[in-house]
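# when you get a sec, could you give me coordinates for this:
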Amino acid sequence: MKAVDAESDEQAARFGVPTIDIENDSDLLLLVGWKWEKVLAKNVEIGEYPFIFTSLVIPAKDIVEERDKRLKIAGGKIEGRQVFVPKRGQADVFVPDQGNYGKLWRLIHRTRRDAKDLSPPVKRFLEFLKIIDEHSPNNRFKKS
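All right, here's what the predicted structure looks like:
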């Protein structure tokens with residue numbers, strides 16, 4: 001399960017499960033979008049609670065396949081459970097990924113967001129991100 005706080009500056013939830021650990025038929029990914037809602041009593045704020053405004057359950061394999069396509073487009077590679085990316089300025093030298101692999105906002109390469117071959121679950125994932133974006137001060141989709 002991954003939870004994304006719409007109001008967070010980071011929104012850095014990751015899905016970095018190694019590809020070889022995904023079981024095609026049984027692994028699902030639950031995504032939850034939430035934000036803080038105020039609790040008022042007689043127009044006075046007395047607390048807040050996490051309000052879930054969207055959720056999604058999709059096969060993990062679809063997201064993993066798309067995530068790994070993004071890595072390949074970026075020039076990276078996977079060896080066993082380790083993710084390697086090209087060293088800045090040296091496309092033929094690989095270094096371990098520093099934590100960007102699997103970030104929800106980077107799972108689908110921007111050149112593939114409108115690709116004809118996206119699976120239905122990946123399309124639903126992109127719709128999920130758009131809903132998060134509507135509740136977010138960052139508006140990531142509007143920037144790209």
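# which helix or strand in this protein has the lowest average pLDDT?
Within the chain, no helix or strand scores below helix 140-143, which has a mean of 61 by mean pLDDT, DSSP states H and E.
# which residues sit against the longest strand belonging to the chain?
Ranked by number of residues, the top strand in the chain under DSSP state E is strand 44-59. Strand 44-59 is contacted by residues 6, 24, 27-40, 121-122, 124-125, 128, 131-132, 135 when judged by C-beta atoms under 8 Å, 6 or more residues apart in numbering. For glycine as for every other residue, the C-beta is placed from the backbone atoms N, C-alpha and C.
# tell me where the model's unsure across this protein.
Within the chain, the stretches with pLDDT under 70 are 1-12, 139-144.
# could you redo the last one with a cut-off of 90?
1-20, 23-26, 33-35, 80-81, 88-92, 98-106, 133, 135-144 (pLDDT under 90).
# ok, which stretches of it are strands?
2-5, 28-41, 44-59, 77-79, 82-87, 90-96.
# which residue packs closest to Ile78, ignoring adjacent ones?
Thr19 (6.2 Å; C-beta to C-beta, 6 or more residues apart in numbering).
# from Lys130, how far out is that neighbour?
26 Å (C-beta to C-beta, to the nearest Å).
# quick one, which of the two is more surrounded?
Neighbours per residue, other C-beta atoms under 10 Å: of Thr19 and Lys130, the larger number sits with Thr19, 16 against 13.
# any idea how far the more buried one is from Lys42?
Using C-beta to C-beta, Thr19 is found at 54 Å from Lys42.
# cool, Leu107 as well?
45 Å.
# higher neighbour count, those two?
Between Leu107 and Lys42, Leu107 has the larger neighbour count (other C-beta under 10 Å), namely 23 against 5.
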